[in-house]
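>>> after the sequence you'll find the predicted model.
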Amino acid sequence: MNILQIEDDVNWFEETVKPLLIELGAKTVLHEETHDDAINTINSNQIDYVILDLAIPLNNDNPVPDASHGIQLASYIRSRFAGTPILILTGQQTEDAVVRFVEDQELTTFWDGKLKSLVKVRPKRLVSQAIELLSEAAKELEAIDAIEIDESGCELNVLEKRVIRIFCKENSAIAARVKSLNGGLSSAKVLQVTLIGNNGDSLPWSALVKIDSKHNVDKE
């Protein structure tokens with residue numbers, strides 16, 4: 001699991017949080033201190049999970065931490081990377097802002113195939129609870145990554161494969177065969193997906209799947 005943590009207290013991150021993340025099996029742990037740097041990082045890396053301290057600086061020219069910067073960043077992630085879970089670490093002074101943000105979030109299919117809120121909140125002082133939450137998420141991610149996909153004739157990237165695997169998990173399938181049906185002017189990939197059941201047989205139906213970034217889907 002590739003984790004990005006946004007936290008302006010570098011010593012706390014390096015000495016307390018990062019060792020715990022590595023211990024739970026995180027493949028990569030990236031760290032940024034400001035809103036702007038975090039946006040650059042999430043746009044240029046495959047991030048599986050974001051840990052966000054709300055009270056962060058906007059950028060190096062505006063170094064004063066403020067919860068509004070964290071809310072702004074969380075909103076950006078939800079709009080551009082809607083499938084990326086966010087764990088918000090909060091202090092008492094930011095709890096009201098967090099509650100309002102979380103209440104506005106729609107449920108989304110998580111890695112375990114169940115509808116959940118992808119925005120979680122834990123007190124910063126109880127970092128052990130946060131690590132337990134991430135540990136369970138890492139197990140779910142490992143489980144769906146084990147789902148086999150026959151993509152003969154298709155070129156799917158890591159996140160597109162993850163969408164198919166979540167679809168398998170949601171429908172209790174153990175594998176999938178994917179065939180490209182692309183055509184037209186859309187930038188989306190149009191796929192025929194046949195799910196494989198526990199007995200190794202194809203389920204008696206196929207799904208037409210259209211995959212693109214949330215931004216492009218909303219635009220269309």
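Looks like it came in fine. Numbering: from 1, shown residues only.
>>> quick one: the helices in this structure?
10-12, 18-23, 35-44, 67-80, 95-103, 127-145, 158-170, 214-219 (DSSP state H).
>>> in CSV: those, plus mean neighbour count.
All C-beta spots, glycine's among them, are computed from the backbone N, C-alpha and C. CSV is the format used below for these (neighbours: other CB atoms under 10 Å):
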stretch, mean neighbour count
helix 10-12, 11
helix 18-23, 15
helix 35-44, 17
helix 67-80, 18
helix 95-103, 15
helix 127-145, 16
helix 158-170, 19
helix 214-219, 12
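>>> so which of these is nearest residue 114?
Residue 114 lies closest, by CB to CB, to one member of these: helix 158-170, at 7.9 Å.
>>> elements contacting that closest one?
In terms of contacts (3 or more CB pairs under 8 Å, 6 or more residues apart in numbering; DSSP states H and E), helix 158-170 is packed against helix 127-145, strand 148-150, strand 175-180, strand 189-196, strand 202-211.
>>> again, only using 10 Å
Packing partners of helix 158-170 (3 or more CB pairs under 10 Å, 6 or more residues apart in numbering; DSSP states H and E): strand 108-109, helix 127-145, strand 148-150, strand 175-180, strand 189-196, strand 202-211.
>>> ok, now which ones touch the residue nearest to residue 212 when sequence neighbours are not counted?
Distances taken as CB to CB, 6 or more residues apart in numbering put residue 188 closest to residue 212, at 3.7 Å, once the chain neighbours are dropped. Contact analysis of residue 188 by CB atoms under 10 Å, 6 or more residues apart in numbering lists 182, 209-213, 216-217, 220.
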